[in-house]
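Enquirer: next comes the sequence, and after it the predicted model I'd like to discuss.
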Amino acid sequence: MNDTQMAPERVLVAGGAGFLGSHLCRRLLDEGHQVICLDSFLTGKRRNIAPLLDHPDFSVLRHDVINPIRLDIRPTRIYNLACPASPQHYQADPVHTLRTCVEGAFNLLEVARAAGARILQASTSEVYGDPHVHPQPEAYRGNVNILGLRSCYDEGKRCAETLFSDYGRRKHVRVKIARIFNTYGPLMSQSDGRVVSNFIVQALSGRSLTVYGDGSQTRSLCYVDDMIDGLTRMMESDESFRGPVNLGCPHESTVLDIARRIRRLVGADVPVEFRPLPSDDPIQRCPDILLARRHLDWWPRVGLDAGLQKTIAYFAQTVAAAPASPKI
Ligand code: NAD
Ligand code: UDP
């Protein structure tokens with residue numbers, strides 16, 4: 001820990017073996033904190049945290065957050081990232097996803113209440129559903145199909161925000177809510193079906209890029225290092241600022257643009273193959289990040305080409321080691 005860093009905290013990272021969670025664990029250890037990674041390993045991978053296992057301040061607890069949580073230590077900070085994030089995974093067992101969002105939030109809030117810890121909820125741009133307001137500010141209440149295939153996740157995350165808000169208001173828990181927009185980078189799963197990992201793995205393997213619909217739907221892609229920076233800034237922000245705060249990149253791209261960009265960066269001469277658009281797939285998504293700029297002095301620093309190049313370099317190694325699953 002250097003002079004500019006804060007005092008060491010005991011940090012519980014639920015979902016710490018996942019894509020964002022493992023980057024967060026590493027960042028917190030680098031800053032001198034003690035980290036407990038709690039994970040059921042539903043979508044998280046042991047290899048994501050393997051380089052951290054020998055660190056004296058790192059420990060792992062295998063646990064499903066839908067069950068009550070008992071810890072030997074009292075954390076001072078809790079990040080709730082425990083939930084599958086890719087549509088393919090959160091739709092595989094929708095009831096468990098909903099329970100993870102709601103009962104998981106409840107169980108972690110109870111730990112925070114008992115320990116007097118600050119707790120941050122990793123919420124999502126999906127709380128806006130298929131938005132009618134563009135770009136989306138935090139005050140927009142969203143357009144979610146409560147009965148759709150994505151609703152186990154969307155409504156679960158909305159309910160979790162309600163729980164956080166009520167624990168803050170009524171039980172005086174120090175809560176923070178961050179709404180994360182599409183994030184990409186090294187350690188993304190090779191086979192969870194997300195757009196960036198799919199296109200990179202397909203391009204590297206010389207296969208066609210699978211664009212769903214006509215590719216005119218938009219997403220705004222944030223590099224993982226920027227996102228981790230935003231999450232830690234939100235956690236340490238002024239106590240009175242509870243959020244929700246949007247964290248994401250305000251530059252929007254169509255899915256077809258993303259496909260062409262990745263094809264160019266990989267240098268692969270592969271065709272685009274159009275496939276049916278999944279139901280309830282949001283047509284436009286882009287964050288308004290005014291609140292993050294104002295309260296956290298945060299905005300994404302890494303440009304899309306630079307971030308994609310780092311991600312391609314990562315996948316170039318993992319694809320060579322383990323060829324892609326035929327599902328994509
Ligand atoms: P991920 O699937 O890679 O990681 C999720 C982690 O949570 C995994 O390690 C998984 O094993 C664990 N987990 C899932 N259910 C659990 C349960 N019931 N009990 C304990 N552990 C459980 O996903 P990610 O991309 O790292 O996303 C992390 C968080 O950020 C999620 O809450 C997600 O909703 C949110 N988020 C991510 C994005 C993104 O673009 N990556 C966007 C919006 C929100
Ligand atoms: N998508 C696509 N081809 C793929 C994977 C995804 O065209 O191989 C599209 C998907 O339909 C969506 C966008 O890319 O419009 C982002 O999908 P992702 O699953 O990464 O995230 P989310 O839909 O949750 O934003």
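Expert: Yes, it's here. Ligands and ions are numbered 1, 2, ... in the order given.
Enquirer: how many other residues sit next to Lys171?
Expert: 12 (other C-beta atoms under 10 Å). Backbone N, C-alpha and C define where each C-beta goes, glycine included.
Enquirer: ignore what I typed, I meant Asp305.
Expert: By the measure other C-beta under 10 Å, the count of residues near Asp305 is 10.
Enquirer: over to Tyr223?
Expert: If we define neighbours as other C-beta under 10 Å, then Tyr223 has 23 of them.
Enquirer: mind listing what's buried along stretch 313-320?
Expert: 314-315, 318-319 (16 or more other C-beta atoms under 10 Å).
Enquirer: stretch 102-117 now?
Expert: By neighbour count on 16+ other C-beta under 10 Å, the buried set for stretch 102-117 is 102-109, 111-112, 115, 117.
Enquirer: over to stretch 87-94?
Expert: By neighbour count with 16+ other C-beta under 10 Å, stretch 87-94 contains the buried residues 87-91.
Enquirer: secondary structure class for the residue lying farthest from the centre of the chain?
Expert: Note on the chain: the largest C-alpha distance from the chain mean falls to Asp269, namely 31.0 Å (C-alpha atoms, centre = their mean). The three-state assignment at Asp269 reads coil, by DSSP: H, G, I helix; E, B strand; the rest coil.
Enquirer: how close does it sit to ligand 2?
Expert: To ligand 2, Asp269 is 19 Å away according to C-beta to the nearest ligand atom, to the nearest Å.
Enquirer: follow-up on the earlier one: would you mind giving the buried residues of stretch 313-320 as CSV with pLDDT, secondary structure and distance to ligand 1 added?
Expert: Output for those, formatted as CSV (pLDDT from 0 to 100; DSSP: H, G, I helix; E, B strand; the rest coil; distance: C-beta to the nearest ligand atom, whole Å):
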residue, pLDDT, secondary structure, distance to ligand 1
Tyr314, 97, helix, 14
Phe315, 96, helix, 15
Thr318, 87, helix, 14
Val319, 82, helix, 18
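Enquirer: among the buried residues of stretch 87-94, which lie within helices?
Expert: 87-90 (DSSP state H).
Enquirer: show me where the stretch 101-250 of the chain has strands.
Expert: Secondary structure of the stretch 101-250 of the chain (DSSP state E, counting those that start in this stretch): strands at 118-124, 174-180, 183-184, 209-212, 218-219, 222-223, 245-247.
Enquirer: so which of these is the most surrounded?
Expert: strand 245-247 (a mean of 28; mean count of other C-beta atoms under 10 Å).
Enquirer: how many neighbours does the closest residue to Thr318 other than its chain neighbours have?
Expert: Distances taken as C-beta to C-beta, 6 or more residues apart in numbering place Gln190 nearest to Thr318, at 5.8 Å, with adjacent residues excluded. The number of residues packed near Gln190 is 19, by other C-beta under 10 Å.
Enquirer: can you read off the pLDDT for Gln190?
Expert: We have a pLDDT of 91 for Gln190.
Enquirer: tell me the confidence at the closest residue to Arg74 other than its chain neighbours?
Expert: Nearest non-adjacent residue to Arg74, counting by C-beta to C-beta, 6+ apart: Ala115, 4.1 Å away. Ala115 is assigned 97 on the pLDDT scale.
Enquirer: same question for Glu110.
Expert: 98.
Enquirer: also Pro326?
Expert: On pLDDT, Pro326 comes in at 39.
Enquirer: please report how far the closest residue to Gly193 other than its chain neighbours lies from Glu126.
Expert: Nearest residue to Gly193, sequence neighbours excluded (C-beta to C-beta, 6+ apart): Gln88, at 3.9 Å. For Gln88, the distance to Glu126 equals 14 Å [C-beta to C-beta, to the nearest Å].
Enquirer: please list the residues of the stretch 1-150 of the chain that sit near ligand 2.
Expert: Taking C-beta under 6 Å from any ligand atom as the measure of proximity, the stretch 1-150 of the chain contacts ligand 2 at 86-87.
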